[in-house]
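Q: How does the following fold in three dimensions:
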Amino acid sequence: MKTIVWFRQDLRLADNPALNWAAERGDVVPVYVLDDDTPPPALRMGAASRWWLYHSLAALNASLGGKLVFRRGKAADVIPALAAEVGADAVAFNRAYEEWNIKGDKALKEALGKAGVTVESFNGALLFEPWEIKTKMGGDYKVFTPFWAECERRLPTANIQPTEAPKLNLLGVMGDSLDSLHLLPPKPWADGWLELWTPGEAGAEARLDEFLATGLSNYANGRNVPNAEATTRLSAHLHFGEISPRQVFAALAGQSLIKGGGHNVDTLKRELGWREFCNHLIYTFPKMAIQNWREEFNHYPWQADEEGYDLWQKGQTGYPLVDAGMRELWATGYMHNRVRMVAASFLIKHLRIDWRNGEKWFWDTLVDADLANNACGWQWVAGSGADAAPYFRIFNPVEQGKKFDPDGAYVRKWCPELKDLPDAFIHAPWTAPEHILRQAGVKLGDSYPGPLVDHQQAREAALHGYRKIARQH
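A: Numbers count the residues shown, from 1 in each chain. Alright, predicted model coming up:
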C-alpha cells in the first residue's frame, strides 16, 4: 500500500501521528505544498515565517534522504493530483485549525473520497483538540484560568505520550525544488539569522535540551527579564511543528525535583496551556485575527496616525524599552514576550492605533508568527478579546523598563546611542539634566528622539476612548 503524507505545520519525524500511521501501512510519499491560494491574502505567511520555513523544510528534506516532494498551489487540488500520479491509495495529514484550513481539508477529503482514496487526519499540534474542552454546560471557555484547570484535570488520563520517529520506506517522486518556492525574502534584514536560529527538528530538540539545562531553574522569574536568557525560545519550533507540546511535556517529567521545585515547571506548562487556549479561541471564533472578539470595540475611536505607526515600526518612539523591542524584532525576527506586551500597549493605548495594524506588522516580521497566538495576544492587550487585559491596564514603558530592565542592559544592547546614560535616566532620557545628556553623547531630537507622546496625556486619551464605548455598549 502507498500513502501520501502531507506535511504542513508538523515538520518533524518524531511524534508525528500522520507519519506513524502511513509508515505502518507501507510505502510513504512525503510532500509539502506551498499553498498561498487557500488562506485569505492578508493572512498568507509573512516574510520572516517564510525564511524559517525554508530552512525547516531543508532540514526535514535532509532527514527524509532528499525525498520530500515540493509542490505549490491549492492543496485541495495538488494532493489529489499527486495521489493519482503516484497511485497512492491513502493520504494522511495532521490537522490545522484556522478557518480556511478547515474548509480546505473538507474539500480535500471530498475530492479524495470521490477518487476512492482513503483519508486519515490526526491531532499532531495540540494536547487536546479545540472541541474537546468544554464547560460543564457544554459551552466554549472564554476565560483562560478555568480552561486550563479543565485541561489539567484531564492530563493524567490523556494520551500525551510522544512517539519515536518511525522506520520509513520512502518512495522518490519528481517535484519542484525547494528554491523554486521562493521562500527566502529579498530583504537583507534576514541575512544573519542563521547565526541566531537553527530551524528544524534537530534544532528544536537541541534548544529544548539547552533550556532544560540552563533556563528552567529560573524560568518563572527570569522569563520577565528581557536581557536574561530565561525564555524557552521554542515558539517558532512549536509553530512549525518541529517539536510537539507532547514532547515538551514529556521532557518536563521529573524536572520538578531536579530544578528545585515545581513552580518553574508549572509556569512553563501554563504557558503551553495559553497556546492551547488561543487555538481553542481561533477555532470557536475564526475571525479572531481580523475582528474584535468584543463587538463594542468596533466603535473605539482609533487614530489614523501613519507617522506614529512608522516611528513605532522603526523603534523611534522616544521610549527606550519600546524602541529596543522593535529594533530587536527587526534585527532578529523575535521580541521578548514582556516587551511584546509593552510595545503592543504603546501602539494601541498611547498612539490609539488599531491593534490590527500591530498584528499585521508582527505577522510579517516574527519568525514565530502564529495566527492564534498573535491575534489573541494583540486582542488581550487591546482589551477587545476573550480573557482580555482590563481596558484600564495601560503599561507605562518607563516603569516597565525600571522594573524588568533595571540596569538598562536590554536598552543599551538595542539602543546603543543611549549606552552611556546612567541607569537613573536610561528609560526616560528626556528627564536627564542637560549636562548628563552631553556627557552621554545624547542629543534629544537628533541622536535619539524625544518622547512621541506624553504618557499621562496618552493614558487619559485612551481611557476616554474606552469609557466612550463602555457607555455606548
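Q: any idea how far Gln313 is from Gly401?
A: For Gln313, the distance to Gly401 equals 20 Å [Cβ to Cβ, to the nearest Å]. For every residue, glycine as well, the C-beta is placed using N, CA and C.
Q: more neighbours, those two?
A: Taking other Cβ atoms under 10 Å, Gln313 and Gly401 do not tie; Gly401 has more neighbours (24 against 17).
Q: Confirm that that one sits in a strand.
A: No: assessed with DSSP: H, G, I helix; E, B strand; the rest coil, Gly401 is helix; it does not lie in a strand.
Q: Please give me every residue in contact with Val69.
A: Residues near Val69 by Cβ atoms under 8 Å, 6 or more residues apart in numbering: Val29, Pro30, Val31, Tyr32, Leu82, Val173, Met174, Gly175.
Q: hmm, try it at 10 Å
A: Contact analysis of Val69 by Cβ atoms under 10 Å, 6 or more residues apart in numbering lists 4-7, 29-33, 61, 82, 85-86, 171-176.
Q: Tell me the buried residues within the residues you listed.
A: 4-7, 29-33, 61, 82, 86, 171, 173, 175 (16 or more other Cβ atoms under 10 Å).
Q: which stretches of the stretch 1-150 of the chain form helices?
A: Ranges of helices in the stretch 1-150 of the chain, per DSSP state H, counting those that start in this stretch, are 17-25, 47-63, 75-86, 99-114, 144-154.
Q: Thr365 is nearest to which of those helices?
A: Smallest distance to Thr365 across those (Cβ to Cβ): 5.2 Å, for helix 47-63.
Q: Quick check: buried residues in that closest one?
A: Those would be 47-61, 63, for helix 47-63 by 16+ other Cβ under 10 Å.
Q: For Ala440, which non-adjacent residue is closest in space?
A: Nearest residue to Ala440 in three dimensions, chain neighbours excluded: Asp420, at 4.0 Å (Cβ to Cβ, 6 or more residues apart in numbering).
Q: That neighbour contacts Ala432, correct?
A: No: taking Cβ atoms under 10 Å as the definition, Asp420 is not a contact partner of Ala432, at 11.0 Å.
Q: Looking at these two, which one has more neighbours?
A: Ala432 (20 against 14).
Q: Please report how far the closest residue to that one other than its chain neighbours lies from Leu444.
A: Among residues not flanking Ala432 along the chain, Phe425 sits closest, at 3.9 Å (Cβ to Cβ, 6+ apart). Phe425 sits 11 Å away from Leu444, going by Cβ to Cβ.
Q: shared neighbours of the two, which are they?
A: With Cβ under 10 Å, 6+ apart, Phe425 and Leu444 have common neighbours Ala432, Leu437.
Q: between the buried ones among the contacts of Val69, which is closest to Leu208?
A: Distances from Leu208 to the buried ones among the contacts of Val69, taken by Cβ to Cβ, are shortest for Phe7, at 20.5 Å.
Q: pretty sure that closest one contacts Val29?
A: No: Phe7 is beyond contact range of Val29, at 11.1 Å (criterion: Cβ under 10 Å).
Q: mind checking how far the helix ranked longest in the chain is from the chain centre?
A: As assigned by DSSP state H, the longest helix anywhere in the chain is helix 263-284. How far helix 263-284 lies from its chain's middle: 12 Å, per Cα atoms, centre = their mean, to the nearest Å.
Q: pLDDT (mean, whole number) over it?
A: Mean per-residue pLDDT for helix 263-284: 94.
Q: ok, Phe425 and Leu444, which is more surrounded?
A: Phe425 (19 against 15).
Q: That one and Arg338, how far apart?
A: 21 Å.
Q: quick check: angle from the longest strand seen in the chain to helix 47-63?
A: In the chain, with assignment by DSSP state E, the single longest strand is strand 27-34. Between strand 27-34 and helix 47-63, the angle comes out at 160 degrees (axes from the mean of the first three to the mean of the last three Cα atoms, to 10 degrees).
Q: helices or strands next to strand 27-34 in the packing?
A: strand 2-7, helix 17-25, helix 47-63, strand 69-72, helix 75-86, strand 90-94, strand 169-170 (3 or more Cβ pairs under 10 Å, 6 or more residues apart in numbering; DSSP states H and E).
Q: Run me through the strand neighbours of it, direction for each.
A: If you go by DSSP bridges, strand 27-34 pairs up with strand 2-7 (parallel), strand 69-72 (parallel), strand 169-170 (parallel).
Q: For Glu152, find the nearest of the ones you listed.
A: strand 2-7 (30.8 Å).
Q: Run the chain-centre distance for the closest one.
A: Offset of strand 2-7 from its chain centre (Cα atoms, centre = their mean): 26 Å.
Q: ok, now stretch 277-289?
A: 14 Å.
Q: Leu194 touches Trp51, doesn't it?
A: Yes: counting by Cβ under 10 Å, Leu194 does reach Trp51; the two are 9.4 Å apart.
Q: before we move on, back to that, show me what contacts the residue nearest to Ala440?
A: Asp420 neighbours (Cβ under 10 Å, 6+ apart): Arg412, Ile426, Ile436, Leu437, Gln439, Ala440, Gly441, Val442.
Q: Cross these against helices and list the overlap.
A: Those of these lying in helices (DSSP H): Arg412, Ile436, Leu437, Gln439.
Q: one step back: and the strands paired with strand 27-34 as TSV, adding mean pLDDT?
A: Output for the strands paired with strand 27-34, formatted as TSV (pLDDT from 0 to 100):
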stretch	mean pLDDT
strand 2-7	98
strand 69-72	96
strand 169-170	92
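Q: any residues in contact with both of Asp420 and Ala432?
A: Looking at what touches both Asp420 and Ala432 (by Cβ under 10 Å, 6+ apart), the common residues are Ile426, Gln439, Ala440, Val442.
Q: Serialize these to CSV and add fields for pLDDT.
A: Below are these laid out as CSV (pLDDT from 0 to 100):
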residue, pLDDT
Ile426, 98
Gln439, 96
Ala440, 96
Val442, 96
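Q: most neighbours, which of those?
A: Counting by other Cβ under 10 Å, top hit in these: Ile426 with 27 neighbours.
Q: is it true that it touches Arg412?
A: Yes: judged on Cβ under 10 Å, Ile426 makes contact with Arg412 at a distance of 7.1 Å.
Q: residues shared between the contacts of these two?
A: In contact with both Ile426 and Arg412: Pro320, Asp405, Leu418, Lys419, Asp420, using Cβ under 10 Å, 6+ apart.
Q: For the fourth one, list the residues it contacts.
A: Under the criterion of Cβ under 10 Å, 6+ apart, the contact list for Lys419 reads Gly408, Ala409, Val411, Arg412, Lys413, Ile426, Ala440, Gly441, Val442.
Q: One more: the first one?
A: Under the criterion of Cβ under 10 Å, 6+ apart, the contact partners of Pro320 comprise 397-398, 401, 405, 408, 410-412, 414-415, 417-418, 421, 425-429, 448, 451.
Q: Grab the nearest non-local neighbour of it.
A: Val411 (4.4 Å).
Q: Next up, the contacts around the one you found.
A: 226-227, 319-325, 327, 401, 405, 418-419, 421, 426-427, 429.
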